[in-house]
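how does the following fold in three dimensions:
(one chain, ligands or ions: 2)
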Amino acid sequence: MTATPPNLIELGKKAAPGIVHLKPPVDPATLKHRNLLEAPDWRRIPAYADVTEEQFLDHRWQSKKTITRPDKLLETLKGLVSEEFIRDATEGFQRAPMSVRVSPYLMSLIDWNDPYHDPLRIQFIPLASRLLPDHPKLGLDSLHERADAPVPGLTHRYPDKALFLPLDTCPVYCRFCTRSYAVGIDTDEVEKTHFRVDEERWRRAFEYIAARPELEDIVVSGGDAYNLRPEQVTQILETLLKLPNIQRIRVATKGPAVMPQKILTDHEWVDAVTRGVDLGRKLHKEVVLHTHFNNPNEITGITRDAMNKLFERGVTVRNQSVLQRGVNDAPETMKLLVKRLGQVHVHPYYVYVHDLVQGVEDLRTTLETALMLEKHVRGTTAGFNTPTFVVDAPGGGGKRDAHSFEYYDRITGISVYQAPSVKPGQRYIYFDPITLLPPEGQARWADPQEHQRMLDEALSHVSDPSRGRA
Ligand SMILES: *Cc1c(COP(=O)(O)O)cnc(C)c1O
Ligand code: SF4
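Ligands and ions are numbered 1, 2, ... in the order given. You can find the predicted model right below:
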């Protein structure tokens, strides 16, 4: 073994003799994914002007000060934003089907000088002026999670994996949430099916999982595992790991994106996760975290420290993003997100084309946008850090590679998918948002009599597998 010359880094800065650069070295200042904002400037917000760094980095302070009422949120913004914005958001909240929950950390990350365009504001604070009518083909629980649920809060759709929803609260409430049928407290707009922490319901879910030899992989989602107490995390992981059929467990939490402080200061919770990962490793089973960053601004120096702590403990973290208009639908933004996730040891796993969810038509983009983004992202970094772009087609077909459509009409915005290993013989349809279609497509959707015709046209291009035709 040859010793590394101690001055290699210094040498690298000079034009080392004998090295021929086929391409000029990149100016480090352009490597934006490495230039993290160390911490947001929370003192800009009058309500947090006197908050110390120690408080701001403490998850208990973040939880205690998390805003759960629209009027409180808007009060915090007085003087920071225009009266017009306050009015717009007040009306937005009245019309939104989601509950509100925003941490001081998130509040501090939003650029209040330009709240209309800020990618975090867009995800968590609805504005009446931006709302668009829902797509006519939209239904609540568009993924049919309840139809595939043998036990309340346990969805068994795919052959070898199931989705367990142990609770229905999150550390943040996202406007775009697919599970807005279940997550959060009731709002004026939506009456929800609740999945409270309920030992009896959990027991039934575990019994079902134990009784299905084909199940190997459990997604513990929600709600959000951040809101489970450490002993609940332990109970779930130990119970599942003891089942001989279970090989893989993923614990889903948006927490790292909205309150990375918890990873750094809630030692009991992080220890409970780590113990689960370690126990899994001993039993030759995989336990990993799945998280949910959508925009590069959500990754700060605090996030890096939190992810490094998990990395040191051998906890694998993967990321699932939701593609949203104005949040991550530009190639430069998506590329930066993917590179930045890699930089903090989070593996980009999926980018979801936005589900058909009530009240957030302004957030959806077209399938065409997803295909374009994927083309730009692939090739920028390691293949294992390159996300797959997926469509979770309404009706319960599950996630499909966005590129695998059987048919896609860019004028009507209708795409058709099949899922032979999930629900053979069925066709699944996704609809682009109408406002992003060419005028011809918009005109057809404006006429209700055209709706069925457009669907029939699209389906006529895809043979019905149940009829046995090729
Ligand atoms: C997403 C999902 C899973 C996990 O699917 P992967 O493609 O393996 O990530 C499992 N069950 C349901 C119902 C899901 O929606
Ligand atoms: S954290 Fe996840 S489950 Fe909770 S509201 Fe957001 S998207 Fe929905």
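
the closest residue to P260 other than its chain neighbours and V391: what is the separation?
Using C-beta to C-beta, 6 or more residues apart in numbering and skipping the chain neighbours, the partner closest in space to P260 is A306 (3.8 Å). Backbone N, C-alpha and C define where each C-beta goes, glycine included. Going from A306 to V391 by C-beta to C-beta, to the nearest Å gives 31 Å.

domain map for this protein?
Domain assignment for the chain by automatic domain parsing gives 42-130, 154-400, 405-470.

how far out from the middle of the chain is stretch 20-38?
Offset of stretch 20-38 from its chain centre (C-alpha atoms, centre = their mean, to the nearest Å): 28 Å.

can you check stretch 405-415 too?
Using C-alpha atoms, centre = their mean, the offset of stretch 405-415 from its chain centre is 25 Å.

for that stretch, give me every contacting residue.
Applying C-beta atoms under 8 Å, 6 or more residues apart in numbering, the contact partners of stretch 405-415 are 366-368, 391, 416-418, 427, 429-434, 436-438, 440-441, 444-445, 454-455, 457-458, 461-462.

if any of those are buried, give me the PyMOL selection for them.
Typed into PyMOL, the next command selects the buried ones out of the contacts of stretch 405-415 (criterion: 16 or more other C-beta atoms under 10 Å):
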select buried, resi 366+367+368+391+416+417+418+427+429+430+431+432+433+434+436+437+441+444+445+454+455+458
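
give me the subset of the contacts of stretch 405-415 that also touch ligand 2.
Counting by C-beta under 6 Å from any ligand atom, nothing from those sits close to ligand 2.

counting only strands, which of the contacts of stretch 405-415 make the cut?
Among the contacts of stretch 405-415, the members falling in strands (DSSP state E) are V391, V416, Y417, Q418, R427, I429, Y430, F431.

ligand 2 contacts on the stretch 251-400 of the chain?
Counting by C-beta under 6 Å from any ligand atom, the stretch 251-400 of the chain comes close to ligand 2 at K254, H292.

got any ranges where the stretch 251-400 of the chain has weak pLDDT?
The stretch 251-400 of the chain contains no residues with pLDDT under 70.

related to what we said a few turns ago, can you redo the domains of the chain as CSV with distance to D148?
As requested, the domains of the chain are exported to CSV (distance: least, C-beta to C-beta, whole Å):
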stretch, distance to D148
domain 42-130, 22
domain 154-400, 4
domain 405-470, 10
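
out of those domains, deepest packed?
Mean neighbours per residue, mean count of other C-beta atoms under 10 Å, is largest over those for domain 154-400, with a mean of 20.

next, the distance between the ends of that domain.
Using C-alpha to C-alpha, to the nearest Å, one end of domain 154-400 lies 21 Å from the other.

just how off-centre is that domain within its chain?
7 Å.

one step back: what sits against the residue nearest to P260?
Here A306 is in contact with P256, P260, Q261, K262, I263, L264 (C-beta under 8 Å, 6+ apart).
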